[in-house]
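**Student:** Got a predicted structure here, sequence first:
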Amino acid sequence: PEIWYLRGLHFRARADYIESLDAISQSVLLAPNNAGLYAELGTAFGLIGDVEQAEYWLDYAVDASANTPEYQQILENFYIETAYVSPSSIIESLAESAFNTENANLLAAYGWALHSTGDSSGGLEQINHALELDPQNARALLNQARILLETDREAEAIPILERVAQTYTPSGQEAQNLLAILAQ
């Protein structure tokens, strides 16, 4: 299984995600009790854009690991990142994960997913909860500003964007881009 796993990582590094998925699948077949390989399989499916299979195998990794926190974090990170790409397909999973979490990033992602599916007030509520946990969370602040912009509350959004734009984060760069668009 180790050789197939390494082969999968090799193909992943070369951006050949289909070959990577095939190799990691072979690795899983040879070591069916290895939670780490299930997590890698989930990641491989995510890289080819199969969100449903990615979620299934990442969730399976959590179960196979007896709910080890590291694997739970991998699944939460998947939900955080996927909320921006495909919010409607994972909103139920995000809702379950966000229910009793102290993870501001997860709550911010859930808030954005709610907004993206038409529930802007519910989205802002989740983001406000995220900001109660971590008032400096750039992702939550950016999502808050984006929702305010999309609900015609530009005057409220601009100070938030200016605050986020001062951070050295991907969210800071996105806030700078939004401010530049608004200035046009």
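**Tutor:** Received the coordinates, thanks.
**Student:** next SSE after the helix or strand bottoming out on mean pLDDT in the chain?
**Tutor:** The helix or strand with the lowest mean pLDDT-type score in the chain, counting by mean pLDDT, DSSP states H and E, is helix 87-98 (a mean of 61). Under the assignment DSSP states H and E, the closest C-terminal helix or strand after helix 87-98 is helix 104-116.
**Student:** So which elements touch that following helix?
**Tutor:** Secondary structure elements in contact with helix 104-116, counted by 3 or more Cβ pairs under 8 Å, 6 or more residues apart in numbering; DSSP states H and E, are helix 69-82, helix 87-98, helix 120-133, helix 138-150. All C-beta atoms are positioned from the backbone trio N, CA, C, and that covers glycine.
**Student:** right, so those helices: which one is the most enclosed?
**Tutor:** Scoring those by mean neighbour count under mean count of other Cβ atoms under 10 Å gives helix 138-150 as the most buried, with a mean of 24.
**Student:** Helix or strand next in line after that helix, which one?
**Tutor:** Next in sequence after helix 138-150, counting helices and strands by DSSP H and E, comes helix 154-165.
**Student:** Could you check the angle that next one makes with helix 138-150?
**Tutor:** Calculated by axes from the mean of the first three to the mean of the last three Cα atoms, to 10 degrees, helix 154-165 forms an angle of 160 degrees with helix 138-150.
**Student:** how distant is stretch 118-125 from the center of its chain?
**Tutor:** 18 Å (Cα atoms, centre = their mean, to the nearest Å).
**Student:** For that stretch, the averaged confidence score.
**Tutor:** Across stretch 118-125, pLDDT averages out at 92.
**Student:** of all the helices and strands packed on helix 104-116, which lies closest to Pro1?
**Tutor:** Pro1 lies closest to helix 69-82 among these, at 17.8 Å (Cβ to Cβ).
**Student:** Between helix 104-116 and that closest one, find me the angle.
**Tutor:** 30 degrees.
**Student:** Which other helices and strands does helix 69-82 contact?
**Tutor:** Applying 3+ Cβ pairs under 8 Å, 6+ apart, we find helix 69-82 packed against helix 35-47, helix 51-64, helix 87-98, helix 104-116.
**Student:** What's the separation between Gly123 and Asp152?
**Tutor:** If you measure Gly123 against Asp152 using Cβ to Cβ, to the nearest Å, the figure is 15 Å.
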